[in-house]
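Colleague: sequence plus the predicted model coming up.
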Amino acid sequence: MSKESIAINKTCPWSGKPVSKDALTQYNGQTVGFCNPGCRDKFQRAIESFDACIQENAPRKTQ
């Protein structure tokens, strides 16, 4: 991710604190900011958990 990236949000979705430039990530094509790398990593783990749950529970296609 480019250091020039600008987050679409001004406050951390977890804490409500201001976004820090060292805690940015990409989500659905957008740069999302967090107050610190710990909150960013918490978000990434949540996404991975949700994605795994969706894949496990998605209806199976039959041929």
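Modeller: On my side now, so go ahead.
Colleague: what's K42 in contact with, if anything?
Modeller: Contact partners of K42, counting by Cβ atoms under 8 Å, 6 or more residues apart in numbering, are W14. Placement of C-beta: from N, CA and C, glycine included.
Colleague: for the protein, what helix or strand is lowest in average pLDDT?
Modeller: Between all helices and strands in the chain, the lowest mean by mean pLDDT, DSSP states H and E belongs to helix 37-57, at a mean of 92.
Colleague: now do it: distance to the chain's middle.
Modeller: Computed by Cα atoms, centre = their mean, to the nearest Å, the chain-centroid distance of helix 37-57 equals 8 Å.
Colleague: over to stretch 25-45?
Modeller: With Cα atoms, centre = their mean, you get 4 Å for stretch 25-45.
Colleague: ditto for stretch 20-36
Modeller: With Cα atoms, centre = their mean, you get 7 Å for stretch 20-36.
Colleague: so which residues make contact with it?
Modeller: Residues contacting stretch 20-36 (Cβ under 8 Å, 6+ apart): 1, 3, 5-15, 17-19, 37, 39-40, 43-44, 47.
Colleague: now do 7 Å
Modeller: 1, 5-9, 12, 14-15, 17-19, 37, 39-40, 43-44 (Cβ atoms under 7 Å, 6 or more residues apart in numbering).
Colleague: so how do I select the buried members of these in ChimeraX?
Modeller: In ChimeraX syntax, the buried subset of the contacts of stretch 20-36 is picked out as below (16 or more other Cβ atoms under 10 Å):
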select :7,12,19,39,40,43
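Colleague: among the contacts of stretch 20-36, which lie within helices?
Modeller: Under the assignment DSSP state H, the contacts of stretch 20-36 contribute 37, 39-40, 43-44 to helices.
Colleague: export these to JSON lines and append columns for distance to Y27.
Modeller: As requested, the ones in helices among the contacts of stretch 20-36 are arranged in JSON lines below (distance: Cβ to Cβ, whole Å):
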{"residue": "P37", "distance to Y27": "15"}
{"residue": "C39", "distance to Y27": "13"}
{"residue": "R40", "distance to Y27": "10"}
{"residue": "F43", "distance to Y27": "8"}
{"residue": "Q44", "distance to Y27": "9"}
